[in-house]
Structure formats: C-alpha cells, structure tokens
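Chemist: following is a predicted model, sequence given first.
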Amino acid sequence: MERRRLGRTDMEVSALGFGGAEIGYEGVSQGAVTRMLNGALDAGLNVIDTAECYADSETLIGRAASGRRREFYLFTKVGHAAGWGREDWRGPAIVKSIERSLERLRTDALDLVQLHSCSEGVLRRGDAIAALETARQRGLTRYIGYSGDGAAARHAVQTGRFDTLQTSVSIADQQALDAALPDARERGIGVIAKRPLANVAWRSRSRPPASAYHRAYWERLRALEYDFLARPLDAAVATALRFTLSVPGVHTAIVGTTKIERWKQNAAHLDAGPLSRGEFEGIRARWRERAEADWVGQT
C-alpha cells in the first residue's frame, strides 16, 4: 500500500488508516477486532486512530495489537474523558486522560494525540494546547494535533502549534479544501482525512431520520447528484475514496468498520491510483456549483 510522509513529521503513513469508533460503539467482539487489525497490519496498514471516548475502543485495540506496536503508528484524541458530549478542556484533565489512554492501549507512548473537536474559543485560551505540549515534553506522545472542522480547524492550523490536522474530507464534505488545507500544506502540517466515504450515505434510498448522523450527507448528495453514485456500490465507493486521497495535501484517510473483510475491499479500491484530473475536477466543479454556504465540515 502507498505510504506518504505525514507533513513535517517523520511518519510514513499508509494511505488508509483504521478508525476505531465503530468497534467501540457497536459492540464488536475482541476476537473480531484482533483478527481485523492483524489482517490489516499484515496487508500494509500502519495507522490506527481512536479516541478516549469511543467506548472500549482503546482497550480493544490495546489487547489486539500491542504485541505488534512497532509496526504501526498509534493516534488517539482527548477532551471527552467522561464520554462524547461531556467535554473537559482543563490541562490536568487532558494529561490524566492521556495517561489513561496509554494504559488502555498498552503502550509507553503515543505517536499522536489530538484535541477532539474543541471550539475556536478553547483553542484561543491556549491551556488545552499547552497540555498537549506538556505531554509531548514528558514523552507521552511524539506529536500533537487538532481534530475538527470549520473555523476552529482553520485557526488550529494558523496557530502553528500543531503537527497535524484531522478534518472531514469527502465528496460530501469539501469545505476544508478551500478553508484549511491550503494553509496546512504551506505550513507542512500533516492532514488526516476523517469520514472519507461520507458514511456511504447514498446507500439509503429513503431519507434517514433527523437523528441519523449521515442525514446531512444524504441530503447533500441528493443535491449534488454525482453520476458515479449510480454505479454499483463497490465502484461508487472506490471513486469516493480515491477522490479523498486525490485531494492535494491529504496524507491518510481514516476508515472505520466492524467487518473483517471491509478493510481488504477498501484497500483494493486504491489499486487504480488517484482519480484522473478530469474526474477529480468534475467532482470539485459540481460542489462549487451546488454546495450551500452552510455545508460546513461535519464534526
């Protein structure tokens, strides 16, 4: 699998990374996680991305892959130690959370710790960033990053204090391509694409309920009317994934799954390489033509 230098870091990351949200939230067994991660590592994946608040994701990953720790880069996120939506950006709480993540993940140090979708106001206060810098100084993590979207992501890049940015990039989420990524490229910041498949929202024939996360993507894609989404599902997924990884400045795309076979399928989609310039620009042109002003990055 293709590998790319993650910005100014020393990490040569695989084009696809494993996202740990689904295994935590959807009750995947330890055995299934162990088989899935070891199969992915065998096939060349070397990025695992999780968060403190993804239920027992960190624990599952630690049990599954700690014996192969030297073979992959391990990323986590902080700010919601008591669970998603119960944020705590105090410096001591962040450091304590990192220490707990190290125990769960069965490692002495992380490769990357990211602030998890805090607001621009939190970033401007500075104490949350300072906590990550303290963790780096103590050797708890090698690099620090910001994970989020919109104005906060743009500000995070402009602070010059982060090594990486994880932000939403997909056929249904292109705000960052104009707002944050050009500055990130100029500053040598590594870019991690989250939700690169827009939750494959086009699969739903009927409008999802308002409570469904992928409802926003479903509505956007209905308006965008990309021709390639009418192709068989595997072909449409391949185009969507290749689009994200064709975006200038994107180094790795984090894809979550609960299915052991899905990793190999996603990896195979990349065999054709980047999209042609014409197909890529066609997707971008449709976005510029039809995207609404409030189609901001989905957190």
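Modeler: The structure has been received and is ready for your questions. Every value quoted in this text rests on a predicted model; they were computed, and no experiment measured them. Residues are numbered from 1 along each chain as shown.
Chemist: wait, what's in contact with the most centrally placed residue in the chain?
Modeler: Closest residue to the average C-alpha location of the chain: residue 194 at 3.0 Å, with Cα atoms, centre = their mean. Residue 194 is in contact with 19, 147, 166, 167, 168, 169, 254, counting by Cβ atoms under 8 Å, 6 or more residues apart in numbering. All C-beta atoms are positioned from the backbone trio N, CA, C, and that covers glycine.
Chemist: just the closest of those to residue 283, please.
Modeler: residue 169 (11.9 Å; Cβ to Cβ).
Chemist: gap between the closest one and residue 192?
Modeler: Residue 169 sits 9 Å away from residue 192, going by Cβ to Cβ, to the nearest Å.
Chemist: strands of the stretch 101-250 of the chain, start to end?
Modeler: Here the stretch 101-250 of the chain has its strands, by DSSP state E, counting those that start in this stretch, at 110-116, 141-147, 164-168, 190-194, 250-256.
Chemist: among those strands, which is the most enclosed?
Modeler: Of all the strands of the stretch 101-250 of the chain, strand 164-168 has the most neighbours on average by mean count of other Cβ atoms under 10 Å, namely a mean of 28.
Chemist: that strand - which strands sit beside it in the sheet, and in what orientation?
Modeler: According to DSSP bridges, strand 164-168 forms sheet pairs with strand 141-147 (parallel), strand 190-194 (parallel).
Chemist: make a markdown table out of these and add mean pLDDT.
Modeler: Compiled in a markdown table, these are given as follows (pLDDT from 0 to 100):
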| stretch | mean pLDDT |
| --- | --- |
| strand 141-147 | 98 |
| strand 190-194 | 98 |
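Chemist: so can I have CSV of these showing distance to residue 126?
Modeler: What follows is the strands paired with strand 164-168, written out as CSV (distance: least, Cβ to Cβ, whole Å):
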stretch, distance to residue 126
strand 141-147, 13
strand 190-194, 22
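Chemist: quick one: which of those strands is nearest residue 38?
Modeler: strand 190-194 (22.5 Å).
Chemist: now for the host helix or strand of residue 41, which elements pack on it?
Modeler: If you go by DSSP states H and E, residue 41 is part of helix 30-42. Judged by 3 or more Cβ pairs under 8 Å, 6 or more residues apart in numbering; DSSP states H and E, the packing partners of helix 30-42 are helix 57-65, helix 262-269.
Chemist: possible to save these as a markdown table with mean neighbour count and distance to residue 11?
Modeler: A markdown table is the format used below for the helices and strands packed on helix 30-42 (neighbours: other Cβ atoms under 10 Å; distance: least, Cβ to Cβ, whole Å):
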| stretch | mean neighbour count | distance to residue 11 |
| --- | --- | --- |
| helix 57-65 | 23 | 17 |
| helix 262-269 | 17 | 19 |
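Chemist: which of those comes out lowest on mean pLDDT?
Modeler: Mean pLDDT is lowest for helix 262-269 among the helices and strands packed on helix 30-42, at a mean of 85.
Chemist: any residues touching it, and which ones?
Modeler: Taking Cβ under 8 Å, 6+ apart as the rule, helix 262-269 contacts 1, 16, 18, 36, 39-40, 43-45, 234, 237-238, 241-242, 255, 257.
Chemist: out of the strands of the stretch 101-250 of the chain, flag the one nearest residue 55.
Modeler: Proximity to residue 55, assessed across the strands of the stretch 101-250 of the chain by Cβ to Cβ, is greatest for strand 250-256 (12.6 Å).
Chemist: helix or strand right after the helix holding residue 41?
Modeler: Counting by DSSP H and E, what follows helix 30-42 is strand 47-49.
Chemist: and that next one, how far out from the chain middle?
Modeler: 9 Å (Cα atoms, centre = their mean, to the nearest Å).
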